[in-house]
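**Student:** model this:
(one chain, ligands or ions: 1)
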Amino acid sequence: MIEVFVGDITELEVDAIVNAASRALAGGGGVDGAIHAAAGPELVRASRALGPIETGSAVITPGFRLPARHVIHAVGPIWHGGRQGEAELLERAYETSFERALGAGDVRSIAFPAISAGVYGYPKESAVEIAVRVMRRHEKEFRRIVACAFDERTGTLYRRELSVRPK
Ligand code: AR6
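**Tutor:** You can find the predicted model right below:
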C-alpha cells in the first residue's frame, strides 16, 4: 500500500526512512538536517564512514535515536535543466533505496521524502511522478510505502499522481 503523509519524516514509526543526502553523507540542511538532528551524533559518524558515494546510489545505517530502525541515505541529482540524466539518476536513487531496504531483511515499511525536490531544485511535479512510478514497482514487496511530503502542495501532487492509473 502506498500512502501519503504530510509532515516531518523523522516522526514516522516505520522500519526505515530514506534521507535525501549529499554524496559526502556528512549531513546538511533540509530533510538531511532534520534526520541527523533527530537521530543524534552517532548517525553522522556512521554515514560519513560509508561515503562518499555516487549520485543515484544509497547506503543504509541504523536509525539510532529515531523511531525508525534504519536510515537509507540516497543521493538524488542536482537539477541542471533536465538534460544531464537527472530523471534516470532520480529513478536510480529510488531503486537503490528499495534495494537497500530489501537487503536489510527486516524492512516491511518505508518512508521517502521527495528526493532532490528541495535544495537540489528538481521540479516537484516530475520528481513526484518518478517517485510514484518506482514505488508502484515495489508496492507488493512491502506492507507500507509512505510518500512523505513536507507541505500540503507536495502532498496534493502525490495524491493526484497516485489517483492516475499507471501507464
Ligand atoms: N520531513 C520530510 N520532508 C522534508 C523535511 C522533513 N523533516 N524537511 C524537508 N523536507 P531537501 P534535496 C522536504 O532540500 O533537494 C541537504 O543539504 C523538502 O520540502 O531536503 O535532495 C543534503 O545534505 C523537499 O520537498 O533535499 C544535500 O546536500 C524534500 O524534503 C541536499 O540538501 C527534499 O528537500 C539534498 O537536496
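
**Student:** how many residues are close by residue 144?
**Tutor:** Close neighbours of residue 144, defined as other C-beta atoms under 10 Å, add up to 15. The way it works is simple: take the backbone N, C-alpha and C, and place the C-beta from them, glycine included.

**Student:** and it, bridged to which residues?
**Tutor:** Beta-bridge partners for residue 144, by DSSP bridges, are residue 109.

**Student:** and what of the one 5 residues further on?
**Tutor:** Partner residues in beta bridges with residue 149: residue 6, with DSSP bridges as the criterion.

**Student:** pretty sure it sits against residue 5.
**Tutor:** Yes - between residue 149 and residue 5 there is a contact under C-beta atoms under 8 Å: 7.2 Å.

**Student:** those two: who's more crowded?
**Tutor:** Taking other C-beta under 10 Å, residue 149 and residue 5 do not tie; residue 149 has more neighbours (23 against 17).

**Student:** so who does the more buried one touch?
**Tutor:** Under the criterion of C-beta atoms under 8 Å, 6 or more residues apart in numbering, the contact list for residue 149 reads 4-6, 114, 155, 157-158.

**Student:** mind doing that once more with 10 Å?
**Tutor:** For residue 149, the contacting residues are 4-7, 9, 113-114, 117, 124, 128, 155-159, taking C-beta atoms under 10 Å, 6 or more residues apart in numbering as the criterion.

**Student:** any residue of stretch 19-34 touching the ligand?
**Tutor:** Yes - contact of stretch 19-34 with the ligand is found when judged by C-beta under 6 Å from any ligand atom, involving 20-22, 28-32, 34.

**Student:** can you give me the buried ones in that stretch?
**Tutor:** Buried residues in stretch 19-34, counted by 16 or more other C-beta atoms under 10 Å: 19-22, 25, 27-28, 30-32, 34.
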